[in-house]
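Q: how does the following fold in three dimensions:
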Amino acid sequence: MKQNAHRRRRRRVRKRWIALVCCLLLVVPAVSYVRALLYPGNASFSVRTVEWFRDHGGGPIVDAIENWKYSRNQPPATGTPSDITAPSVTVPGGGPATASRSTGATHAAAATLPVVKVLPGVRALPHEGAWSVARQTTAGKPLLWTTWFRPDPAHLPVSVAAALIPQSANRLVLMPGTREPVVGMASRHGYSVPSTDHAALVATFNGGFKMKDSHGGWWTTESAAVPLVDGRASVVIFRDGTARIGTWNRTVRMTPDVVAVRQNLDQLIVDHRIVDGLTGNANGAWGSYRSQYQYTWRSGLGTDAHGNLIYVAGQGLTLATLAAAMQQAGIAQGMELDIHAAMVSFDIEQPGPHGTVTGRRLLASMNSPSDRYLVDDQRDFFYVVVK
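A: Next comes the predicted model:
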């Protein structure tokens, strides 16, 4: 009897120790998860949860779920798009101008705009592929042009929007977030558009993948946060605020005039041509395995033949249809930026009195807050100001 009682007592003690060890093992990830939920910077609960899971070894599981979800969520084959940009001041041939100011400067600038190639054999809808002025100076000089069009003949309701940023009138700036490019990176100007730039603000838009997924680096004169990688697609910003897109140490490289570099994956468009191998995505050149087949929000950035920046974004896009859309928009050198609904964000900004700014989404269905990047964000981003 005594021996049985002793064995029962030992089993109870053993169970208590096992329970204690299990509790201790759970405490560490629980504390880590709570810290991720409370970490400074704008990010939704779902984004914080998914990113925490990725950062703690769950990346392959998340990738598999995303591939299953988005690859099977094809858009309809027929119908008309509902997600378009509303024209404000259209160029000749694209409809009547509606601006109250003189459009002489508008017409002169329009001569250098790339021709948007609409789908062959598909009747163009009103204003499809026509550039319109989304922001201009008080003198009528365009600061931002936008358009929309369809890139996928197999899914006609899918539309994309493009925003053209004239580099002669604007300056591009790269900003860090509270967690990207690195957690807790010191930033002299904070993690949102500095208030000193609010009065000149034209637009804000998302950066690329998280650095560990981008296969590239992040560099500014303030911080060499992540080493730059040869062969990676790169946004290179110069001291005068202009930018070039190219492949690092092949078509773009470090010079005394460079002030910032943001790398992300491999180039999509080179010399106006879509690069080969997108459907194969060998070695994860454009994201995780099979992510190229996901029908999801995607964004890209490039330059046209005149060196102007063009941002392209839309939902229901595969990697191939994003590349097709970028080529249609007139991009000569281009790269993918971030993907998925929580990450793709472009706001046309309208400064107001006393430092206020009102944001208007490039596409109404973009679900990021309209003041994203006007408050601290966890991800790095770009913003555009008048020179």
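
Q: all strands of the stretch 251-387 of the chain, in order?
A: Using DSSP state E, counting those that start in this stretch, the strands of the stretch 251-387 of the chain run over residues 258-263, 267-270, 273-274, 296-303, 309-317, 333-339, 346-351, 357-361, 381-386.

Q: could those strands go into JSON lines alongside mean pLDDT and mean neighbour count?
A: Bear in mind the C-beta positions are built from the backbone N, C-alpha and C, glycine included. JSON lines is the format used below for those (pLDDT from 0 to 100; neighbours: other CB atoms under 10 Å):
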{"stretch": "strand 258-263", "mean pLDDT": "98", "mean neighbour count": "23"}
{"stretch": "strand 267-270", "mean pLDDT": "98", "mean neighbour count": "24"}
{"stretch": "strand 273-274", "mean pLDDT": "98", "mean neighbour count": "14"}
{"stretch": "strand 296-303", "mean pLDDT": "98", "mean neighbour count": "27"}
{"stretch": "strand 309-317", "mean pLDDT": "97", "mean neighbour count": "26"}
{"stretch": "strand 333-339", "mean pLDDT": "98", "mean neighbour count": "27"}
{"stretch": "strand 346-351", "mean pLDDT": "96", "mean neighbour count": "22"}
{"stretch": "strand 357-361", "mean pLDDT": "94", "mean neighbour count": "17"}
{"stretch": "strand 381-386", "mean pLDDT": "98", "mean neighbour count": "24"}
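
Q: dump those strands into a markdown table; add distance to residue 175 as well.
A: Conversion of the strands of the stretch 251-387 of the chain to a markdown table gives the following (distance: least, CB to CB, whole Å):
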| stretch | distance to residue 175 |
| --- | --- |
| strand 258-263 | 9 |
| strand 267-270 | 23 |
| strand 273-274 | 30 |
| strand 296-303 | 15 |
| strand 309-317 | 16 |
| strand 333-339 | 14 |
| strand 346-351 | 14 |
| strand 357-361 | 15 |
| strand 381-386 | 6 |
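
Q: and residue 152, which of those is closest to it?
A: strand 309-317 (7.5 Å; CB to CB).

Q: could you check the angle that closest one makes with strand 333-339?
A: 50 degrees (axes from the mean of the first three to the mean of the last three CA atoms, to 10 degrees).

Q: what strands line up against strand 309-317, and which way round?
A: strand 160-165 (antiparallel), strand 296-303 (antiparallel) (DSSP bridges).

Q: JSON lines for the ones you listed, including distance to residue 385?
A: Formatted as JSON lines, the strands paired with strand 309-317 follow (distance: least, CB to CB, whole Å):
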{"stretch": "strand 160-165", "distance to residue 385": "11"}
{"stretch": "strand 296-303", "distance to residue 385": "17"}
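
Q: what residue ranges in the stretch 201-350 of the chain score low on pLDDT?
A: For the stretch 201-350 of the chain, not a single residue meets the criterion pLDDT under 70.

Q: all the helices of it, residue numbers only.
A: 211-214, 319-328 (DSSP state H, counting those that start in this stretch).

Q: to residue 123, which of the ones you listed lies closest?
A: Using CB to CB, the nearest of those to residue 123 is helix 319-328, at 16.0 Å.

Q: and that closest one, what's buried?
A: The neighbour-count check on helix 319-328 (16 or more other CB atoms under 10 Å) flags 319, 320, 321, 322, 323, 324, 325, 326, 327, 328 as buried.

Q: which strands or helices does that helix pack on?
A: Using 3 or more CB pairs under 8 Å, 6 or more residues apart in numbering; DSSP states H and E, the elements in contact with helix 319-328 are strand 160-165, strand 267-270, strand 273-274, strand 296-303, strand 309-317, strand 333-339.

Q: could you pull out the strands for the stretch 101-250 of the chain?
A: Assigned strands in the stretch 101-250 of the chain, in chain order: 132-136, 142-149, 160-165, 170-175, 201-206, 218-220, 233-238, 243-247 (criterion: DSSP E, counting those that start in this stretch).

Q: adjacent strands (with direction) for the second one?
A: Applying DSSP bridges, strand 142-149 is found paired with strand 132-136 (antiparallel), strand 160-165 (antiparallel).

Q: leaving aside the residues next to it on the chain, what's closest to residue 367?
A: residue 341 (5.5 Å; CB to CB, 6 or more residues apart in numbering).

Q: number of nearby residues for the one you found?
A: 13 (other CB atoms under 10 Å).

Q: return the residues in contact with it.
A: Neighbouring residues of residue 341 by CB atoms under 8 Å, 6 or more residues apart in numbering: 296, 297, 315, 366, 367.

Q: and for residue 118?
A: The contact partners of residue 118, taken as CB under 8 Å, 6+ apart, are 124, 128, 129, 149, 150, 328.

Q: so how far is residue 151 from it?
A: Distance of residue 118 to residue 151, computed by CB to CB, to the nearest Å: 10 Å.

Q: please apply the same query to residue 214.
A: Separation of residue 214 from residue 151 (CB to CB): 24 Å.

Q: state the pLDDT value of the nearest residue to residue 364 once chain neighbours are set aside.
A: Leaving aside its chain neighbours, residue 364 sits nearest to residue 83 (6.5 Å; criterion: CB to CB, 6+ apart). Note on residue 83: pLDDT of 82.

Q: okay, now residue 83: neighbour count?
A: Here the number of neighbours of residue 83 (other CB under 10 Å) works out to 17.

Q: nearest to residue 167, of the buried residues of helix 319-328?
A: Once CB to CB is applied, the member of the buried residues of helix 319-328 that ends up nearest residue 167 is residue 326, at 17.4 Å.
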